[in-house]
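Chemist: got a sequence here, can you model it:
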Amino acid sequence: MGQALLPLQLMVILLVSRGLAWLLRWIGQPPVIGEMIAGLALGPMVFGALAPAWQGWLFAPASLPTLNGLSEIGLVLFMFIVGAELRLPDGVRQTLRAAGAVAGLAVALPIGLALLITPMLYTRYAPAGIAYWPFALFMAASLAVTAMPVLARILKDRQITRTPAGQLAMAAAAIADVLAWILLALTVALISAHGDWAPFWRSVTGVGAMLVLCFALLRPLLRRWLARHAANGRPDGSVLAVLLIGALGCAALTEWLHLHAVFGAFLFGLSLPRDDALLAGLIERLEHVAVIALMPVFFALTGLNTSIDALHHEALGAFALILAVAVLGKVIGGAVGARVGGYGWRESFAVGSLMNARGMVELIVLKIGLDAGVIGREMFTLLLLMAIVTTMLTTPMVLYFNRYRQAVAVIPQQPDAC
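Modeler: Numbering: from 1, shown residues only. As a prediction, this is how the structure comes out:
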């Protein structure tokens, strides 16, 4: 039955996600917001409430393993591309100190605030058997995330990619993403250990070995091999197959280490040379398939994991608390970091607003936490709603802090330093 429903499921998922993405663009929101809301719409909170029989038939439990397999492939491909495109933008190398300050404070402040509110959430929302610190660290990691792909899309749509604030935010997001993924990896390793420190240290040691493998061995080998077999930066079918084998192999290794497959794919993407032509080829051949065809499946499954029980009076108070911490931590942390770096207050708050974008990267983090059992469906739903709201707030906040001038000074094009 599952395979028989698959074409219809995919058609409905793509139709709803692309339709909502198109509608949300009319109010100045990035398409990913529409796709995230489409996941909610297809889940129990909308489709399940309006037509429970139809929703139960279309997304019957027997059909979900097939969709989950497609979703996992999409996640691995997407994180591989995210790792490959993670780099400092041109012209920002001279502002690394400011970017470090923004990233550090935009990660540290949400973590601190998350740890401050966790005692109020743990008893009500932590699944049975989950200790306090794994739950607290996951809350910290989930609130510390900035979605660099969504941030880049907002900057491009608003034509502020090459403004000082835009380039500082991109550089800071690259650093913040690495810090947040490290914290998340340590948290997942701690959860998987189930209180036994031996498995935890095996996972941490394994991740250390993978870092050595990717950056000390694979990175120079890939640079030389791609220079020989893809000198123009356009990989043919054979080269692309080897890169996919590498990404899937690293994903399998991190899965074996009791982490998530996305960590391995991300590390392999990071180990590729920073070649714009190569990145363009990967985006053309892989990202469009992953983002347009497979990631909507992930969003739909995310929506199916939400719980309508989360929308009660007590939960609304918890949601307001989480949302306030998420917004204040990112906006104030990023703004203070930019101010320390020598930027004016308006530009600083524009940078902080950009750091508040979470998007699909936050959903990946939440799915990892749900799969690991560190959060239940109610907290998953609240954090998902937080991710949607904070990402929707990003564009109007940036426009507000930039409203005092029609154009800002653009950093002149400079050649990359070798």
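Chemist: show me what contacts residue 158?
Modeler: By Cβ atoms under 8 Å, 6 or more residues apart in numbering, residue 158 lies in contact with 395, 398, 399. All C-beta atoms are positioned from the backbone trio N, CA, C, and that covers glycine.
Chemist: mean confidence for the helix or strand where the last one lies?
Modeler: When you say that, I think you mean residue 399. Here residue 399, judged by DSSP states H and E, is contained in helix 377-401. Average pLDDT, helix 377-401: 91.
Chemist: in three-state terms, label the residue lying closest to residue 108 once chain neighbours are set aside for me.
Modeler: Excluding its sequence neighbours, the residue lying closest to residue 108 (Cβ to Cβ, 6 or more residues apart in numbering) is residue 333, at 6.8 Å. Following DSSP: H, G, I helix; E, B strand; the rest coil, the label given to residue 333 is helix.
Chemist: correct me if wrong: residue 333 contacts residue 349.
Modeler: No. Using Cβ atoms under 8 Å, residue 333 is not in contact with residue 349, being 11.4 Å away.
Chemist: between those two, which one's more packed in?
Modeler: residue 333 (28 against 24; other Cβ atoms under 10 Å).
Chemist: contacts only, for residue 249.
Modeler: Here residue 249 is in contact with 264, 268 (Cβ under 8 Å, 6+ apart).
Chemist: tell me the mean pLDDT for the host helix or strand of it?
Modeler: In this assignment (DSSP H and E), residue 249 forms part of helix 237-256. Across helix 237-256, the average pLDDT comes to 91.
Chemist: and what of stretch 212-222?
Modeler: If you average the pLDDT over stretch 212-222, you get 90.
Chemist: now do the buried residues in that stretch.
Modeler: 213, 214, 218, 222 (16 or more other Cβ atoms under 10 Å).
Chemist: list of residues touching that stretch?
Modeler: Applying Cβ under 8 Å, 6+ apart, the set of residues contacting stretch 212-222 is 246, 250, 267, 268, 270, 271, 272, 273.
Chemist: helices - which of the buried residues of stretch 212-222 land there?
Modeler: Under the assignment DSSP state H, those contribute residue 222 to helices.
Chemist: could I get the buried residues of stretch 212-222 as JSON lines with distance to residue 66?
Modeler: Converted to JSON lines, those look like this (distance: Cβ to Cβ, whole Å):
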{"residue": "213", "distance to residue 66": "32"}
{"residue": "214", "distance to residue 66": "31"}
{"residue": "218", "distance to residue 66": "32"}
{"residue": "222", "distance to residue 66": "33"}
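Chemist: from the buried residues of stretch 212-222, pick the one nearest residue 9.
Modeler: residue 214 (35.5 Å; Cβ to Cβ).
Chemist: in the helix holding residue 249, what counts as buried?
Modeler: Quick answer for helix 237-256 (16+ other Cβ under 10 Å): 239-240, 242-244, 246-248, 250-251, 253-255.
Chemist: go through the contacts of stretch 212-222 and name the one nearest residue 123.
Modeler: The closest of the contacts of stretch 212-222, once distances to residue 123 are taken by Cβ to Cβ, is residue 267, at 36.1 Å.
Chemist: what's the nearest residue to the closest one if we skip its chain neighbours?
Modeler: Residue nearest to residue 267 in three dimensions, not counting chain neighbours: residue 214, with 4.9 Å by Cβ to Cβ, 6+ apart.
Chemist: hang on, the earlier thing: are any of the contacts of residue 158 buried, and which?
Modeler: So, by 16+ other Cβ under 10 Å, the buried ones in the contacts of residue 158 are 395, 398.
Chemist: can I get the contacts of residue 158 in CSV with distance to residue 378?
Modeler: CSV is the format used below for the contacts of residue 158 (distance: Cβ to Cβ, whole Å):
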residue, distance to residue 378
395, 29
398, 31
399, 34
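Chemist: which one of the contacts of residue 158 is nearest to residue 208?
Modeler: Checking the contacts of residue 158 against residue 208 with Cβ to Cβ, the nearest one is residue 398 at 37.9 Å.
Chemist: show me the contacts for the closest one.
Modeler: By Cβ under 8 Å, 6+ apart, the neighbours of residue 398 are 154, 158, 160, 350, 353, 354.
Chemist: low-confidence stretches in the chain?
Modeler: Residues of the chain meeting the criterion pLDDT under 70: 1-3, 87-95, 161, 192-197, 199, 403-418.
Chemist: dead centre of it: give me the residue that sits there.
Modeler: residue 361 (1.1 Å; Cα atoms, centre = their mean).
Chemist: re earlier: the contacts of residue 398 in helices, which ones?
Modeler: Those of the contacts of residue 398 lying in helices (DSSP H): 154, 350, 353, 354.
Chemist: check contacts around the last one.
Modeler: By Cβ under 8 Å, 6+ apart, residue 354 lies in contact with 151, 154, 155, 165, 166, 169, 173, 334, 394, 398.
Chemist: what about the closest residue to it other than its chain neighbours, neighbour count?
Modeler: Distance criterion Cβ to Cβ, 6+ apart; nearest residue to residue 354, sequence neighbours excluded, is residue 169 at 3.9 Å. Close neighbours of residue 169, defined as other Cβ under 10 Å, add up to 37.
Chemist: residue 117 too?
Modeler: Other residues near residue 117 number 17, with proximity taken as other Cβ under 10 Å.
Chemist: now swap in residue 116 and tell me
Modeler: Counted with other Cβ under 10 Å, residue 116 comes out at 11.
Chemist: check residue 53 too.
Modeler: Counted with other Cβ under 10 Å, the neighbours of residue 53 add up to 8.
Chemist: residue 54 now?
Modeler: Using other Cβ under 10 Å, residue 54 has 11 other residues around it.
Chemist: cool, residue 27 as well?
Modeler: 10.
Chemist: secondary structure class for it?
Modeler: Residue 27 ends up coil, using three-state DSSP.
Chemist: check contacts around the closest residue to residue 12 other than its chain neighbours.
Modeler: Take residue 12 and drop its neighbours on the chain: the residue closest to it by Cβ to Cβ, 6+ apart is residue 58, 6.7 Å away. Residues near residue 58 by Cβ under 8 Å, 6+ apart: 5, 8, 9, 12.
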